[in-house]
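Engineer: What shape does this take:
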Amino acid sequence: MSDSPLNIEFVKRVNPLRYPVLLIDRILSLEPGEHVVALKNFSAGETTFGVSCLELNAPPEPLVIESMVQAAGLTIPRREGKYAFLAALDNVQFETRIQYGDTLITEATRLWSKGPVVNVRAEAKVNGERVISGDITYVYQDLPDATVG
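Structural biologist: Numbering: from 1, shown residues only. Down below sits the predicted model:
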């Protein structure tokens, strides 16, 4: 699938999130249900949680984690009528802090699936240096019924 245009329009088709919480700018390669390499630019011109970057020294760590979780979620096989929710983060380690202007490259591989549970190993790098790594667990749940309400 890496020969397809995996730009922001593709990301918006496969990821239900939108601004300001969509944290993937481009998919560099994708083996659906198995492996993904995704890119996130942390721009000095964007706001974070309603705060100008001029007020922050670097992107907040939860934003870095969320971008990794979103990228890793693309490795989860789609199931009709189901949605995969984040269940756990394990062994998450920051090795260095990123700065505004950095490009974060996240690589994630699905490790195993058992029933409704899926486990993914992910790591993100800037200029080839690992910034963060960890194991991410997702669990499938039924999609909410839009008619209830």
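Engineer: Run through the helices of this structure in chain order.
Structural biologist: In order along the chain, the chain carries the following helices (DSSP state H): 8-14, 61-73.
Engineer: comparing these, which gets the lowest mean pLDDT score?
Structural biologist: Taking the mean pLDDT of each of these, the lowest value is held by helix 8-14, a mean of 63.
Engineer: how far does stretch 95-102 stretch from start to finish?
Structural biologist: Stretch 95-102 stretches 15 Å from its first residue to its last (C-alpha to C-alpha, to the nearest Å).
Engineer: Distance from that stretch to the middle of the chain?
Structural biologist: Averaging C-alpha positions (C-alpha atoms, centre = their mean, to the nearest Å) puts stretch 95-102 16 Å from its chain's average.
Engineer: Just list the residues touching residue 103, thanks.
Structural biologist: When contacts are counted by C-beta atoms under 8 Å, 6 or more residues apart in numbering, residue 103 touches 39, 40, 41, 42, 126. Any C-beta I mention is one placed from the backbone N, CA and C, and that applies to glycine too.
Engineer: Distance of residue 59 relative to residue 25?
Structural biologist: Separation of residue 59 from residue 25 (C-beta to C-beta, to the nearest Å) stands at 13 Å.
Engineer: What of residue 119?
Structural biologist: Counting by C-beta to C-beta, the gap from residue 119 to residue 25 is 25 Å.
Engineer: before we move on, what about residue 113?
Structural biologist: Note on residue 113: its distance to residue 25, by C-beta to C-beta, is 28 Å.
Engineer: can you check residue 90 too?
Structural biologist: To residue 25, residue 90 is 26 Å away according to C-beta to C-beta.
Engineer: Can I get stretch 110-118 as PDB, trimmed to CA atoms?
Structural biologist: The C-alpha coordinates for stretch 110-118 follow below in PDB (Å, rounded to 0.1, in the frame of the first residue of the first chain):
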ATOM      1  CA  ARG A 110       0.900  -5.300  15.800                       C
ATOM      2  CA  LEU A 111       2.300  -7.900  18.100                       C
ATOM      3  CA  TRP A 112      -0.700 -10.000  18.900                       C
ATOM      4  CA  SER A 113      -4.500 -10.200  19.000                       C
ATOM      5  CA  LYS A 114      -6.600 -12.400  21.300                       C
ATOM      6  CA  GLY A 115     -10.400 -12.000  21.200                       C
ATOM      7  CA  PRO A 116     -11.200  -8.300  21.600                       C
ATOM      8  CA  VAL A 117      -7.700  -7.300  22.700                       C
ATOM      9  CA  VAL A 118      -4.900  -6.100  20.400                       C
END
